[in-house]
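Undergrad: sequence-free structure coming up:
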């Protein structure tokens, strides 16, 4: 494991106890709306087999389970044991038997090829430096006709909203985040990683190079979040 990956893993382990609270606070609860739209956009059918990569505290997995009324088999995967611990506690409060949690990373998926109807990753792909390899691994584990749904924080492209957003994102958010999380670097890393994330067209090209077709993206909340959908032919 390289030093950069060690840093990200340690950071998520440390902020895990306040992660959900800060997501709701800093997004003004829009993160719930974004995840709901992400799951709807994948157009899942009942009895689907689904993989949620970088599942964190299982918000996406629980949303999938809710929309499909439990008629699915969901695997949640994360490299942070701290996040998985919180996810497990959340699952105990929502009794069900169809969400399995695994400690692994996106570049070394512990699954055979061609077994999932959908792969989701919310707010995780920007933390993976070798994105092409990760997207290709998602492609490999999908069945033909399966969909990849990627939800990620992005930067508004232009206008006064971009200026206001950057002021909030680079100056105000790190102060609030470090105060509540007690981690000085985590919410400085966040805006830096978002600003380095490729444009929507560039990320779509990464998906295309992995083999995905019918790629589309939708910017939400003035462009601060983008949802990408691609299909394995």
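TA: Received it, and whenever you're ready, just let me know what you need. Quantities reported herein were computed from a predicted structural model and do not represent experimental measurements. Numbering: from 1, shown residues only.
Undergrad: Please make it C-alpha for all contacts and neighbour counts, starting now.
TA: Will do.
Undergrad: Any stretches of this structure with poor pLDDT?
TA: Applying pLDDT under 70 to the chain picks out residues 1-5, 95-97, 173, 177-188.
Undergrad: Run through the strands of it in chain order.
TA: For the chain, the strands defined by DSSP state E occupy 48-53, 72-78, 99-103, 116-122, 142-153, 213-220, 225-231.
Undergrad: how about the helices in the chain?
TA: 3-27, 30-41, 59-67, 81-93, 131-141, 160-167, 173-181, 186-196, 200-210 (DSSP state H).
Undergrad: Of all the strands of the chain, which one is nearest residue 167?
TA: Proximity to residue 167, assessed across the strands of the chain by Cα to Cα, is greatest for strand 142-153 (15.6 Å).
Undergrad: Would you mark the buried spots in that closest one?
TA: Residues of strand 142-153 classed as buried by neighbour count (16 or more other Cα atoms under 10 Å): 142, 143, 146, 147, 148, 149, 150, 151, 152, 153.
Undergrad: Please look at residue 81 and residue 13 and confirm they touch.
TA: Yes - contact criterion Cα atoms under 8 Å: residue 81 and residue 13 qualify, at 6.6 Å.
Undergrad: follow-up on the earlier one: can you redo the strands of the chain as a markdown table, where the extra columns are distance to residue 164?
TA: Below are the strands of the chain laid out as a markdown table (distance: least, Cα to Cα, whole Å):
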| stretch | distance to residue 164 |
| --- | --- |
| strand 48-53 | 31 |
| strand 72-78 | 33 |
| strand 99-103 | 38 |
| strand 116-122 | 24 |
| strand 142-153 | 16 |
| strand 213-220 | 16 |
| strand 225-231 | 15 |
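Undergrad: and the residue nearest the centre of the chain, bridged to which residues?
TA: By Cα atoms, centre = their mean, the chain has its centre lying nearest to residue 122, at 1.5 Å. Residue 122 has the following beta-bridge partners by DSSP bridges: residue 151.
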